[in-house]
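*Asks:* A predicted structure for the sequence below; I have some questions about it.
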Amino acid sequence: MTKLSVNINKIATLRNARGGDRPNVVQVALDCERFGAQGITVHPRPDERHIRYQDVLDLKKVVTTEFNIEGNPTPDFLELVHKVKPEQVTLVPDAPSAITSNAGWDTLYHHDYLKNIISDLKSIGARVSIFVDPIVDMVAGAAQTGTDRIELYTEAYATHYGQNPAAALAPYARAAQKANELGLGINAGHDLDLNNLQYLKNNIPGLLEVSIGHALVCDALYYGLEHTIQLYLKQLQ
């Protein structure tokens, strides 16, 4: 079964909009685990506009499933990761001003940079995943960096799924095939939801994990958090 890691950034966005500590991101993370999520994902950014660095430290104390920290490997980010020592670190090349992640790594151009960072992260016992577009050459380049996994950036798939699911999936299937050939684990994330998730899961062999936040939190407004997590888990069975 493909694992579900719940990204709780949007919970922190809601908290920060009002101030105070409601909703409490630590409690939400614990509830996500209690309701069946197999991981918790956070993506702290330099301006701390949603998840704060202190949140990450607080979450480390209580998360019992896989803790996945995403982000651009700036010095501050790497310092935080060294303190927390999460089970997984996902490297994402987002600019500080980006509203959300919007591109994968050029693993050929950034080969040396990524290789050095991955070696450093593995020294603290973290599994490393690189955020990549569904391009075979980028997957092949990722394998040369020493990463354990790739995370396929699925915005394009989600955008075009409604018009032609097979065509939307095709580049992802090719990228996944290359990853499997090279021995890379496969994660996926971005704009996945209850409409498009099962088709992706059924057609990406070796899909180990999906990270879902925005759509899941939106669905929880209508269905409730516990029921929503169960709905997502059902799509992954």
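*Replies:* Done, it's in.
*Asks:* so the spatially most central residue of the chain is in which element?
*Replies:* The residue lying closest to the centre of the chain (Cα atoms, centre = their mean) is Ser211, at 4.2 Å. Using DSSP states H and E, Ser211 sits within strand 207-212.
*Asks:* what's the closest residue in space to the residue nearest to the centre of the chain that isn't next to it in sequence in contact with, if anything?
*Replies:* Take Ser211 and drop its neighbours on the chain: the residue closest to it by Cβ to Cβ, 6 or more residues apart in numbering is Gly189, 3.8 Å away. The way it works is simple: take the backbone N, C-alpha and C, and place the C-beta from them, glycine included. When contacts are counted by Cβ atoms under 8 Å, 6 or more residues apart in numbering, Gly189 touches 7, 151-154, 210-212.
*Asks:* Quick one, which of those residues are buried?
*Replies:* Of the members of the contacts of Gly189, the ones counted as buried by neighbours, 16 or more other Cβ atoms under 10 Å, are 7, 151-154, 210-212.
*Asks:* Tabulate these (TSV), appending distance to Leu57 and pLDDT.
*Replies:* Shown next, in TSV, are the buried ones among the contacts of Gly189 (distance: Cβ to Cβ, whole Å; pLDDT from 0 to 100):
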residue	distance to Leu57	pLDDT
Asn7	18	98
Glu151	24	98
Leu152	29	98
Tyr153	28	97
Thr154	29	97
Val210	26	98
Ser211	20	98
Ile212	24	98
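*Asks:* what's the most distant pair in those residues?
*Replies:* Greatest spacing in those, by Cβ to Cβ: Asn7 and Leu152 (15.3 Å).
*Asks:* one step back: kindly spell out which helices and strands sit in contact with whichever helix or strand comes after the strand holding Ser211.
*Replies:* Helices and strands here follow DSSP H and E; after strand 207-212, the next one along the chain is helix 214-223. With contacts taken as 3 or more Cβ pairs under 8 Å, 6 or more residues apart in numbering; DSSP states H and E, helix 214-223 sits against strand 3-7, helix 9-18, helix 225-235.
*Asks:* In terms of secondary structure, what does the second one contact?
*Replies:* This points to helix 9-18. Here helix 9-18 touches helix 25-34, helix 214-223, going by 3+ Cβ pairs under 8 Å, 6+ apart.
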